[in-house]
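A.B. asks: show me the folded form of this:
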Amino acid sequence: MLLIRALGAIMCAAVATWPAQRALAGPPFVTDDPEPVPYQHFEFYTFSMGTAIRGDTFSEAPAWEYNYGIVPNGQVHIIAPLTFDTQAGTYGYGDTELGFKYRFIDEDKNGSRPMVGIYPLVELPTGNESGALGAGYVRAYFPLWLQKSFGDWTTYGGGGYWLNQGDDTANRNYWFFGWLLQKQVTKQLAIGGEIFHQTSTVAFGATNPIYTRPTTGFNIGAIYDFDADHHLLVSVGTGLQNASTTNVFSWYLAYQITGAGAFIGGNAPGFLPSQH
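C.D. replies: Presented below is the predicted three-dimensional model:
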């Protein structure tokens with residue numbers, strides 16, 4: 001289920017663009033999948049991600065993501081980031097992301113039926129808006145994701161609708177869509193690529209729409225499994241539409257620990273890969 005994270009009226013400059021991508025993250029991609037963490041298992045990521053545009057770079061580093069299979073076919077989700085913005089020269093805690101993924105149709109591995117799930121997310125305004133570290137208001141995303149595997153190949157994607165009103169009348173709700181294709185190249189290495197599109201996040205004719213234009217982009221990424229519980233995830237990408245103001249270059253780099261239980265400890269894995 002691993003898979004390329006995540007895009008100035010929402011915030012300011014690149015901050016208006018990037019949090020929308022981050023909220024979509026199906027590490028290391030921005031397109032997500034419908035497959036939850038197994039029941040009573042967890043995923044824990046320490047990661048860095050960011051986007052550079054003309055004259056500015058916004059990044060989360062370090063940031064932490066935690067997912068737990070709280071019910072069969074369902075997981076809870078949280079991202080807690082430290083963020084910085086080069087143009088504003090600020091660094092601090094950003095907006096907190098909460099979510100719940102639920103798979104309501106399982107894949108028919110011998111037939112044509114795909115896996116289908118929902119993954120609503122909420123962005124809480126815990127970051128400093130004046131320091132370009134947060135949106136300053138609650139945002140929410142309601143996507144639908146599909147997935148199908150064929151031997152060593154897996155493809156998934158979908159999208160949904162962002163509620164993005166805030167206090168600024170220029171802000172408007174918008175759509176995000178993405179699709180990915182991934183191949184398990186070796187037992188330990190998977191490589192994939194995605195393409196995604198986001199509509200404009202401000203009303204047509206707004207006074208400062210430069211950082212909130214529609215954007216289309218792509219990412220390529222890889223997942224390397226040191227063992228069953230320790231994983232390295234990386235992706236890089238760029239924009240294909242309005243790239244100079246939405247996505248000149250973006251990246252994601254993470255170390256992931258997975259295992260049984262609610263968290264690391266007991267029978268769950270430690271922080272370092274096992275020695276082969």
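
A.B. asks: going forward, measure contacts and count neighbours with C-alpha atoms only.
C.D. replies: OK.

A.B. asks: after the top strand by length along the chain comes which helix or strand?
C.D. replies: The strand that spans the most residues within the chain, counting by DSSP state E, is strand 56-71. Counting by DSSP states H and E, the element after strand 56-71 in chain order, helix or strand, is strand 74-85.

A.B. asks: quick one: name whatever helix or strand follows that following strand.
C.D. replies: Next along the chain after strand 74-85, taking DSSP H and E as the criterion, comes strand 90-93.

A.B. asks: wait, a helix at Ser244?
C.D. replies: Yes: counting by DSSP: H, G, I helix; E, B strand; the rest coil, Ser244 is part of a helix.

A.B. asks: near it, how many other residues are there?
C.D. replies: Close neighbours of Ser244, defined as other Cα atoms under 10 Å, add up to 17.

A.B. asks: that one contacts Thr51, doesn't it?
C.D. replies: No: look at Ser244 against Thr51 with Cα atoms under 8 Å: they stay out of range, at 10.9 Å.

A.B. asks: coming back round to it: list the buried ones in the longest strand of the chain?
C.D. replies: Residues of strand 56-71 classed as buried under the neighbour-count rule (16 or more other Cα atoms under 10 Å) are 56-61, 63-70.

A.B. asks: end-to-end on stretch 123-139?
C.D. replies: Distance between the boundary residues of stretch 123-139 (Cα to Cα, to the nearest Å) amounts to 5 Å.

A.B. asks: list the buried residues in that stretch.
C.D. replies: So stretch 123-139, judged by 16+ other Cα under 10 Å, has buried residues 123-129, 131-139.

A.B. asks: what do you get for stretch 255-268?
C.D. replies: Under the neighbour-count criterion of 16+ other Cα under 10 Å, stretch 255-268 has 255-264, 268 buried.

A.B. asks: sort out which of those are in strands and list them.
C.D. replies: 255-260.

A.B. asks: reformat those residues as TSV; add distance to Leu144.
C.D. replies: Output for these, formatted as TSV (distance: Cα to Cα, whole Å):
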residue	distance to Leu144
Tyr255	27
Gln256	25
Ile257	26
Thr258	25
Gly259	26
Ala260	27
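
A.B. asks: got any ranges where this structure has weak pLDDT?
C.D. replies: Residue ranges of the chain with pLDDT under 70: 1-25, 167-169, 203-211, 264-267, 274-276.

A.B. asks: which residues of it fall in helices?
C.D. replies: Here the chain has its helices, by DSSP state H, at 18-22, 243-246.

A.B. asks: can you give the distance of the shortest one from its chain's centre?
C.D. replies: The chain centroid and the centroid of helix 243-246 are separated by 19 Å under Cα atoms, centre = their mean, to the nearest Å.

A.B. asks: repeat for stretch 140-159
C.D. replies: 13 Å.

A.B. asks: mind listing what's buried along it?
C.D. replies: Buried positions in stretch 140-159, judged by neighbour count with 16+ other Cα under 10 Å: 140-149, 154-159.

A.B. asks: out of these, which comes closest to Pro38?
C.D. replies: Gln147 (16.2 Å; Cα to Cα).

A.B. asks: distance check, the closest one against Gly221.
C.D. replies: Taking Cα to Cα, one finds Gln147 at 18 Å from Gly221.

A.B. asks: equivalent analysis for Arg139, please.
C.D. replies: Plainly put, Arg139 is 28 Å away from Gly221 if you go by Cα to Cα.

A.B. asks: next: Gly178.
C.D. replies: 15 Å.

A.B. asks: Asn104 against Pro114, yeah?
C.D. replies: One thing to correct before we go on: residue 104 is Phe, not Asn. No: with contacts counted by Cα under 8 Å, Phe104 stays clear of Pro114, the gap being 10.9 Å.

A.B. asks: quick one: which of those two has more around it?
C.D. replies: More neighbours surround Pro114 than the other of Phe104 and Pro114, with 19 against 13 (other Cα under 10 Å).

A.B. asks: from Pro120, how far off is the more buried one?
C.D. replies: Between Pro114 and Pro120 the distance is 20 Å, computed by Cα to Cα.

A.B. asks: grab the nearest non-local neighbour of Ser250.
C.D. replies: Excluding its sequence neighbours, the residue lying closest to Ser250 (Cα to Cα, 6 or more residues apart in numbering) is Thr51, at 4.2 Å.

A.B. asks: same check, this time on Asp32
C.D. replies: Excluding its sequence neighbours, the residue lying closest to Asp32 (Cα to Cα, 6+ apart) is Gly26, at 4.2 Å.
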